[in-house]
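Visitor: turn this into a model:
(one chain, ligands or ions: 3)
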Amino acid sequence: MAKSAVFILLATCVASLSALSPLSRSLDGLPADRPLNIAHRGSSGMLPEHTVEAYQLAVQQGADVIECDLAVTKDLLLVCTHDSWLNDTTDVASHLEFRDRVQTYRVDGRRITDYFTIDFTLDELKTLRKKQDRSYRDQTYNGEFPMASFDEYVAVAKNVTNGRTIGIYPETKNPDFFNSILAAHNTTMEEILLESLQRHGYTEATSPCFVQSFDEDSLRFMSGRTELPLIYLTPVGLTNTKLAEISTFCSGLGTSKDTIVQVNPNTMKIIQTSDFIDRAHSYQLEVHAYTFRNEDQFLARDYGSDPYREYEMFVEIGVDGLFTDFPWSLSRHMEYRALRGSAISSHRLPYLALMTALTFAFSFNARY
Ligand SMILES: *[C@@H]1O[C@H](CO)[C@@H](O)[C@H](O)[C@H]1NC(C)=O
Ligand SMILES: *[C@@H]1O[C@H](CO)[C@@H](O)[C@H](O)[C@H]1NC(C)=O
Ligand SMILES: *[C@@H]1O[C@H](CO)[C@@H](O)[C@H](O)[C@H]1NC(C)=O
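Guide: Residues are numbered from 1 along each chain as shown. Ligands and ions are numbered 1, 2, ... in the order given. Model prediction:
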């Protein structure tokens, strides 16, 4: 533990000596001088995800951007949900009128038997109520809030009263699955999304909207039809060859935090940090890391159960945005950084040198 503490402090010092990597782009109204606070599925650590209430709470808690996953309904509208199947996150099973809607589809290589958005109209889906499917999170809002439609999600972002801009971050989720069904309607999930975005005024390269997907073909298709910044989601690091290729049609990457700070899953100790962000930046790709969660089981032991330490680590390495289930913690951390930065800027080096020396002394004592 002591070694890791030293390592983190040293990494912090080294990173502090070099300026933070500049963001490769700035979108209208969004901060460009610090990483973006991206509320993952809304303030999903506190309220059932992908509800208007969770998105609104994220805005109140200081998020810059609210993120949403999309699925298509039977009437070819977009609804916000992490999965296109509904049993885990809604009360659909208790709606007897929908008993006959159970279907089996192959999604992403898996055969899934469940209730699927594509077999419900948006009005039908609005009669369902969301539930928290993570047992360790607050269950007291189960049955309270409906699913959010894409239009309602956008309305939350646009409903800003004090001059703040809230960005949106929609994802084409399992587009292969939807497009196989949508072919009969002569449309695609991508066309439905781009048409909806256009209707809401998101058309420019600087519009406060990132469009994300794990599906490269989906992004390639959209890159020929929109100027909006596209984000390629990848759970693994990429070679320079792949980064060069992705940079021809995307403006950034959404990547698992493990590709940046590798953690041993058994001991939950940091093994090493990678050069992935620097390499992505060298191809003009910005990097947004996922998913930051306050609960202890998601934090490397090195952080001492303190989510601020994890944020600090990633910000110092140069991340351009953080997807978090707890946007309140991240906005508080950003405030803290801003205050601390102005307080110590002229004494930064001696301060960091002193802290390093103290940590060495501490680690020496702690070890024996
Ligand atoms: C839905 O979930 C319930 C448990 O909450 C389960 O009993 C039921 O079999 C599930 N139905 C489908 C279609 O998966
Ligand atoms: C818009 O903001 C007002 C005041 O903050 C709030 O009462 C209303 O519910 C909001 N509407 C949406 C769609 O977020
Ligand atoms: C299918 O859609 C394309 C473009 O969206 C359009 O040009 C074409 O006419 C449509 N075909 C039919 C049969 O509706």
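
Visitor: going by C-alpha atoms from here, please, whenever you check contacts or count neighbours.
Guide: Will do.

Visitor: for the helix or strand hosting Met313, give the mean pLDDT please.
Guide: Assigned by DSSP states H and E, Met313 belongs to helix 307-317. Looking at helix 307-317 alone, the average pLDDT works out to 97.

Visitor: the helix or strand that it is followed by - contacts with which helices or strands?
Guide: The element immediately downstream of helix 307-317 (helix or strand, assigned by DSSP H and E) is strand 321-324. Counting by 3 or more CA pairs under 8 Å, 6 or more residues apart in numbering; DSSP states H and E, the packing neighbours recorded for strand 321-324 are strand 36-39, strand 286-292.

Visitor: deepest of the ones you listed, which one?
Guide: strand 36-39 (a mean of 29; mean count of other CA atoms under 10 Å).

Visitor: what ranges do the helices span in the stretch 1-150 of the chain?
Guide: 2-17, 52-60, 122-125, 150-158 (DSSP state H, counting those that start in this stretch).

Visitor: which one of those has the poorest average confidence?
Guide: helix 2-17 (a mean of 47).

Visitor: from ligand 2, how far off is Ser84?
Guide: 23 Å (CA to the nearest ligand atom, to the nearest Å).

Visitor: I'd say that residue and Asp114 touch.
Guide: No - taking contacts as CA atoms under 8 Å, Ser84 lies outside contact range of Asp114: 9.4 Å.

Visitor: so for the two, which residue has more residues nearby?
Guide: Taking other CA atoms under 10 Å, Ser84 and Asp114 do not tie; Ser84 has more neighbours (23 against 18).

Visitor: tell me the contacts of the more buried one?
Guide: Contacts for Ser84 (CA atoms under 8 Å, 6 or more residues apart in numbering) come out as Ala71, Val72, Phe116, Thr117, Ile118.

Visitor: apply 10 Å and report the result again.
Guide: Counting by CA atoms under 10 Å, 6 or more residues apart in numbering, Ser84 touches 69-73, 107, 114-118, 173-174, 177-178.

Visitor: before we move on, what about Thr89?
Guide: Contacts of Thr89 by CA under 10 Å, 6+ apart are 48-50, 81-83, 128-134, 142, 147.

Visitor: mind redoing it with 8 Å?
Guide: Contacts of Thr89 by CA under 8 Å, 6+ apart are Lys130, Lys131, Gln132, Asp133.

Visitor: list just the nearest of these to Ile38.
Guide: Gln132 (20.1 Å; CA to CA).

Visitor: look up how far Glu286 lies from the closest residue in space to the closest one that isn't next to it in sequence.
Guide: With sequence-adjacent residues excluded and distances taken as CA to CA, 6 or more residues apart in numbering, Gln132 is closest to Pro48, at 5.1 Å. For Pro48, the distance to Glu286 equals 29 Å [CA to CA, to the nearest Å].

Visitor: likewise Met147?
Guide: Distance from Met147 to Glu286, by CA to CA: 31 Å.

Visitor: do the same with Ile260
Guide: Taking CA to CA, one finds Ile260 at 13 Å from Glu286.

Visitor: ok, which residues in the stretch 251-368 of the chain are in contact with ligand 1?
Guide: Contact residues (CA under 6 Å from any ligand atom) of the stretch 251-368 of the chain with ligand 1: there are none.

Visitor: by proximity to ligand 1, which residue of the stretch 251-368 of the chain wins?
Guide: Asp325 (23.7 Å; CA to the nearest ligand atom).

Visitor: doesn't Arg293 make contact with that residue?
Guide: Yes - using CA under 8 Å, Asp325 is in contact with Arg293, at 5.6 Å.

Visitor: which of the two has more neighbours?
Guide: Asp325 (25 against 20).

Visitor: residues in contact with that one?
Guide: Per CA under 8 Å, 6+ apart, neighbours of Asp325: Ala39, His40, Arg41, Gly42, Ser43, Ser44, Gly45, Thr291, Phe292, Arg293, Asn294.

Visitor: list the contacts of the closest residue to the last one other than its chain neighbours.
Guide: It refers to Asn294. In space, and not counting its chain neighbours, Asn294 is closest to Pro307: 5.6 Å by CA to CA, 6+ apart. Listed by CA under 8 Å, 6+ apart, the contact partners of Pro307 are Arg293, Asn294, Leu299, Ser329.

Visitor: secondary structure class for the closest residue to Gly62 other than its chain neighbours?
Guide: Nearest residue to Gly62, sequence neighbours excluded (CA to CA, 6+ apart): Ser331, at 5.5 Å. Put simply, Ser331 is helix when judged by DSSP: H, G, I helix; E, B strand; the rest coil.

Visitor: burial count for Ser331?
Guide: The number of residues packed near Ser331 is 18, by other CA under 10 Å.

Visitor: by proximity to ligand 2, which residue of the stretch 51-200 of the chain wins?
Guide: Val156 (3.9 Å).

Visitor: quick check: that residue touching Ala58?
Guide: No - between Val156 and Ala58 there is no contact under CA under 8 Å: 10.1 Å.

Visitor: and these two? Which one has more around it.
Guide: Ala58 (29 against 18).

Visitor: picking that back up, can you give me how far the helix holding Met313 is from the chain middle?
Guide: Centroid separation between helix 307-317 and its chain, computed with CA atoms, centre = their mean, to the nearest Å, is 16 Å.

Visitor: then stretch 218-234?
Guide: 17 Å.

Visitor: can you get me the start-to-end distance on that stretch?
Guide: Start-to-end, stretch 218-234 (CA to CA) is 14 Å.

Visitor: could you do stretch 76-88 as well?
Guide: Chord length of stretch 76-88, first to last residue, is 23 Å (CA to CA).

Visitor: thank you kindly, that will do.
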